[in-house]
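>>> Build me a structure from this.
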Amino acid sequence: MISKYLFSIILAVILLFLLTSCSKEITPPKQVLCEGYKNNLIREQCWIRLSMVKSDLTYCDKISFPEYKEGCYRDYLLKSPAENIDLSFCEKFILSENKDTCLLNYAVYKKNLESCNKIQSQSLKDSCTMATSFINGGVANCDALDFKDDCYMFVAAGEKDSSLCEKIKDESGKDVCYLRVAYVTHDDSLCDKIQDKDADYIHSDQCYNSVALAKKDVKVCDKIKGFNMSCYQNIAIATEDPLICELIGVSIVSMDDTGMEIDISKDECFNSLALLIPDASLCGKVKESYTRSRCYYDIAISTDDAGLCDLILNDLKSSCHTTLAAYKESCESLTSPEDKDGCYYQIAEYSVNANFCGNIQNEITQSSCYSAIAHTLNDSSLCESIPNQEQKGECYASFGAITGTLEICEKIKSQNEKDRCYRNVGVTIGNLSLCDFGGDSYDKQMCYESLAKKNNNPAGCAKIEDNIGAKDLCFNDVATATNSTIICNQISDSELTESCYYYVGLNTKDPSVCAKIKTQWYYRNECYQSAAIAKIDVSLCEKIQETENDQYVITTKDACYQEIAAKLKDSTLCEKAHSSEAKENCLNLVKLSSPNS
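Below is the predicted model:
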């Protein structure tokens, strides 16, 4: 089902992608010492950092962590010119929503209806088909539609023809049309035509900003009525030219560490450019002390330059030396005992090797190190190496929860920790009686509640005695997870009971559950609407009752009729709508669902 209002959302995605503002040639990355790092994790973090500022597939392809690689590809999709995207790139995505967005943008840019069929999401597939049909059909296709303005906007951007914007009657829509065509033509004179009729949004400034970046022309930034600092900054980064940062004319006053006023308006520009190039001399132009220190830190880590750490004037200085020493496994070169301990801790984590924990002198830090590696390796035997007894008990108790083994709890000396271990095991194996070991009423409550929710068993909720609110919420969670109105009935609070019915009704699409909601009419109406649409049953729309808030009810009931009318492709149902606008929208939805009629 496609609402005509979905066009604004689809336009924002598709037409942004049509922007060919970036240079077609990708500047070869400057050499940064990512390959020099011994540890795989650190090396990949370096590639991830570079991929974020460079938007270069070369870096994305080096990343092996799936979630980071996916994010890198997504960032590239949003920042790269449309002509750089092909079907083979879309296939790199793992998540269907990212792949669908890529295919949608590719299909619209290439005017290729066939590519729309590869999209899994039905709503995006329909949008893709509609958008490409609009663009391929041209103006004649728009003239035959009821919602001409949206069609003109698609075709104007697709054909790079700003004259079509004049056909749009809605003044705010006309502004958006000029904005989109300016995107793809890099013509800032079109931005001059924008009247900014939308009181909530200044489209002309967005237009100037985008065209300025496309043309890499700071003169266009001067046309921006509002805040133009980001315009200069984006061009400085795109051209890797720090002189453009100096052109930022606005002033942002802050206080330095001594209480003196400083202008930090250029800080982000110099900082971003310093990391991108990378050029540590630009960090010195950053006024705010922490941002300047962080700039030196990031470049020191990226380029393996310990000398830059000495330029840092706060606590990051020690962290900088410690991290670099850890990367090179040379902790003994550090003089501070705390820095040495931190260095060995990092090596232990990066290499997943508990032997390095033994070099740590501080008992708490060493204990945390052993615990971290124990959990990473899922090896409870490492808990025994923990020198701090409290942390040792916590380590064993957590493994009790993981393994569900009571024998692990017997290794704990502290009775409180041992009891907590028993309760953890109880939750894991589903044994309520183990929740009764030690602890106060809150500890037991959390155990009962965790067990109830984990196993969807209301018996755990029933054992909560001292907190009625917690008991009710526990019943509610189990009831909605199991879609059981019987469990809803065990809730003492009447409003929460009806809320419980509501969510069970939404899950099951069972109108008999909706009927149980007596006082909270908005829950009841939405419940009936959901059931009606799922079952394609108009009679259930009629059960949406009018109350004091008539506008809400009419909107809900109209939406119910519209959805079913579109599903059945039956325009006669649109006559049930309460307003002419609702009827018109309903008829348009039916037309969209019947493209061949």
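
>>> Phi, psi for residue 168 please.
phi -80, psi 130 (degrees, to the nearest 10).

>>> Just give me the neighbour total for it.
22 (other C-beta atoms under 10 Å). Every residue, glycine included, has its C-beta placed from N, CA and C.

>>> Return the residues in contact with it.
The contact partners of residue 168, taken as C-beta atoms under 8 Å, 6 or more residues apart in numbering, are 148, 149, 152, 153, 174, 177.

>>> Against residue 127, how distant is it?
Here residue 168 is placed at a distance of 20 Å from residue 127 (C-beta to C-beta, to the nearest Å).

>>> contacts for the helix or strand where residue 452 lies?
Here residue 452, judged by DSSP states H and E, is contained in helix 441-455. Applying C-beta under 8 Å, 6+ apart, the contact partners of helix 441-455 are 420, 423, 426-427, 430, 432, 434-436, 439, 457-461, 463-467, 470, 474, 477-478, 481.

>>> Put the buried members of those residues into a PyMOL selection.
To isolate the buried members of the contacts of helix 441-455 in PyMOL, using 16 or more other C-beta atoms under 10 Å:
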select buried, resi 420+423+426+427+432+434+435+439+457+458+460+461+463+464+470+474+477+478
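
>>> Now intersect the contacts of helix 441-455 with the strands, please.
Counting by DSSP state E, no part of the contacts of helix 441-455 is found in strands.

>>> Name the nearest of the contacts of residue 168 relative to residue 410.
residue 153 (70.9 Å; C-beta to C-beta).

>>> How about the secondary structure of that closest one?
helix (DSSP: H, G, I helix; E, B strand; the rest coil).

>>> So it is in contact with residue 180, correct?
Yes: counting by C-beta atoms under 8 Å, residue 180 is a contact partner of residue 153 at 6.5 Å.

>>> Inside helices: which ones of the contacts of helix 441-455?
Among the contacts of helix 441-455, the ones falling in helices (DSSP state H) are 420, 423, 426-427, 458-461, 470, 474, 477-478, 481.

>>> For the lengthiest helix in the chain, name the packing helices and strands.
Longest helix in the chain, counting residues (DSSP H): helix 122-143. Contacts defined by 3 or more C-beta pairs under 8 Å, 6 or more residues apart in numbering; DSSP states H and E place helix 122-143 against helix 6-18, helix 96-110, helix 113-116, helix 148-159.

>>> mind checking which helix or strand the residue nearest the centre of the chain is in?
Nearest residue to the geometric centre of the chain (C-alpha atoms, centre = their mean): residue 71, 10.1 Å. Here residue 71 sits within helix 66-79, counting by DSSP H and E.

>>> Strands along the stretch 201-350 of the chain, start to end?
Along the stretch 201-350 of the chain, the segments classed as strands by DSSP state E, counting those that start in this stretch run 253-255, 261-263.

>>> which regions of the stretch 151-300 of the chain sit below the pLDDT cut-off?
Within the stretch 151-300 of the chain, the stretches with pLDDT under 70 are 198-200.

>>> change it to 80
Residue ranges of the stretch 151-300 of the chain with pLDDT under 80: 158, 197-202, 256-258, 276.

>>> that older thread, out of the helices and strands packed on helix 122-143, which is the most enclosed?
helix 148-159 (a mean of 24; mean count of other C-beta atoms under 10 Å).

>>> Quick one: list the elements packing against whichever helix or strand comes after it.
The helix or strand immediately downstream of helix 148-159 is helix 171-185, counting by DSSP H and E. Helices and strands touching helix 171-185, by 3+ C-beta pairs under 8 Å, 6+ apart, are helix 6-18, helix 148-159, helix 188-191, helix 203-215.

>>> quick one, the longest helix of the chain and helix 148-159 angle?
Following axes from the mean of the first three to the mean of the last three C-alpha atoms, to 10 degrees, one obtains 90 degrees for the angle between helix 122-143 and helix 148-159.

>>> on that earlier part again, which residues are in contact with the helix or strand just after the helix holding residue 71?
Following helix 66-79 in sequence order, the next helix or strand is helix 87-90 (DSSP H and E). With C-beta under 8 Å, 6+ apart as the test, helix 87-90 has contacts from 57, 73, 77, 99, 102, 103, 106, 115.

>>> Make a markdown table out of those residues and add pLDDT and distance to residue 306.
As requested, these are exported to a markdown table (pLDDT from 0 to 100; distance: C-beta to C-beta, whole Å):
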| residue | pLDDT | distance to residue 306 |
| --- | --- | --- |
| 57 | 81 | 32 |
| 73 | 89 | 34 |
| 77 | 84 | 37 |
| 99 | 94 | 43 |
| 102 | 91 | 42 |
| 103 | 92 | 47 |
| 106 | 88 | 46 |
| 115 | 89 | 51 |
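
>>> Nothing else from me, thank you.
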